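Engineer: Next one to model:
(one chain, ligands or ions: 1)
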Amino acid sequence: MASTTAGSRHWQGLISAYRPWLPVSDSTPVVSLHEGNTPLLRAEHLSALTDCEVWLKVEGANPTGSFKDRGITVAVSKALETSPDNTIVCASTGNTSASAAAYAARAGLPAAVLVPRKNVALGKLAQAVRYGAKIIKVDGSFDDCLRIARELSAHHPVTLVNSVNDHRLAGQQTVAFEIIDALGDAPDIHCLPVGNAGNITAIWRGYTAYAAAHLSTGRPRMWGFQAAGAAPLVNGAVVARPQTVANAIQIGNPASWDGAVSAREESGGLISAVTDEQILSAYRLLARREGVFAEPASAAAIAGLLAEHGRGRLDAGQRIVITVSGNGLKDPETSMLGGDESVETSPRTADVAQAMNLTSS
Ligand SMILES: *Cc1c(COP(=O)(O)O)cnc(C)c1O
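Structural biologist: As a prediction, this is how the structure comes out:
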């Protein structure tokens, strides 16, 4: 049957779009929410500020609101293929649990998520609750949750879907494919927030795969950014009690430490730290000037780019892609802290007009 234009426009998710690049076969049941194909937006204000060509890869547009869906679609499809009697398990600062819970629900598999008792953003928890995962609040950090999840998977019928599961990294590399497919070549620099460091590892792998297949002429420098209170890769030492407003990157002992260091070294890139103040300022700027509402962790990458520009490390004219990793709706509490400028009025038009500072004509 001849394919129609309309049919070819029906995006059916990453596994369908990038099957030859992924560890799936014809017998893998595809568990998809049609993730991927996220907007790649030209950022006019950031481009003007930096004298560069800046693009935003808006990963908050994925089905559960973060890039985690790219990895989880592959991990849960493989889990359904190879161990359909297992429970899906992950440790999470919130987004992995939302994604794992959603894809497990779609696959008809039970899921349990381990989250730190404190500091999980409300929207992320609301998602895991509604998708029906068993939520275990651990009186400890993300790093404690991951250690326990790994121990559980060694001794119980559970499939661990953290980024220590290589299927996660395989799925997450597809963002590099989408970027090259859209721009025609790799960018000069790719900026992203770094927490457990799975994503920087995966994206570097994706750029490397496309370059090896001559689908791009080169690979970008990888610029990773951590929060100053949770910057083990910058300090070169584990952080026992990581602290930051950017809860998705509040991680003291990244599982993909070596992958992050390789991505930095092989690409001639950098990993540096930004303060919570810089993160929150970039968080507001991104929404107000680019119209993109992202969660604080995502803003770390924008804060980092602006800081490097301020230090004079950014040559003019570079083509830069920033992973905008998660949706701002996930963390309504941070949005409402300082900056709620709403005004209350009576239900009278004149009072509303006055509250809006409108003059009558
Ligand atoms: C998971 C996550 C990160 C960090 O990614 P890592 O792979 O853990 O380095 C950053 N931002 C958001 C929104 C995330 O969900």
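
Engineer: which bits of this structure sit near the ligand?
Structural biologist: Listed as neighbours of the ligand in the chain under the rule C-beta under 6 Å from any ligand atom: 66, 68, 95, 163, 193-199, 248-249, 295, 297-298, 325-326. The way it works is simple: take the backbone N, C-alpha and C, and place the C-beta from them, glycine included.

Engineer: In helices only, show me these.
Structural biologist: Of the residues of the chain next to the ligand, the ones assigned to helices by DSSP state H are 68, 95, 198-199, 297-298.

Engineer: farthest pair in those?
Structural biologist: Across those, the longest distance by C-beta to C-beta is 15.5 Å; it joins 198 and 298.

Engineer: For the two, indicate the residue with more neighbours.
Structural biologist: residue 298 (34 against 25; other C-beta atoms under 10 Å).

Engineer: from what I can see the more buried one touches residue 330, true?
Structural biologist: No - counting by C-beta atoms under 8 Å, residue 330 is not a contact partner of residue 298; they are 9.8 Å apart.

Engineer: How many residues are close by residue 313?
Structural biologist: By other C-beta under 10 Å, 11 other residues sit near residue 313.

Engineer: What strand or helix carries it?
Structural biologist: Here residue 313 sits in a region with no helix or strand, counting by DSSP states H and E.

Engineer: hmm, back to that, out of the ones in helices among the residues of the chain next to the ligand, who's nearest residue 124?
Structural biologist: Comparing those against residue 124 with C-beta to C-beta places residue 95 closest, at 5.9 Å.

Engineer: Looks to me like residue 89 is in a strand.
Structural biologist: Yes - read with DSSP: H, G, I helix; E, B strand; the rest coil, residue 89 is one of the residues of a strand.

Engineer: so it touches residue 111, yeah?
Structural biologist: Yes - counting by C-beta under 8 Å, residue 89 touches residue 111, with 7.3 Å between them.

Engineer: Please compute how far stretch 129-146 lies from its chain's middle.
Structural biologist: Mean C-alpha position of stretch 129-146 versus that of the full chain (C-alpha atoms, centre = their mean, to the nearest Å) differs by 19 Å.

Engineer: And the contacts of it?
Structural biologist: For stretch 129-146, contacts defined as C-beta atoms under 8 Å, 6 or more residues apart in numbering pick out 91-93, 97-98, 100-102, 104-105, 110-117, 125, 128, 148, 162, 164, 196, 241-242, 250-253, 255.

Engineer: Among the residues you listed, name the buried ones.
Structural biologist: 91-93, 97-98, 100-102, 104-105, 110-116, 125, 128, 148, 162, 164, 196, 242, 250-253, 255 (16 or more other C-beta atoms under 10 Å).

Engineer: that older thread, format the ones in helices among the residues of the chain next to the ligand as JSON lines; extra columns: pLDDT.
Structural biologist: Shown next, in JSON lines, are those (pLDDT from 0 to 100):
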{"residue": "68", "pLDDT": "98"}
{"residue": "95", "pLDDT": "96"}
{"residue": "198", "pLDDT": "97"}
{"residue": "199", "pLDDT": "98"}
{"residue": "297", "pLDDT": "98"}
{"residue": "298", "pLDDT": "98"}
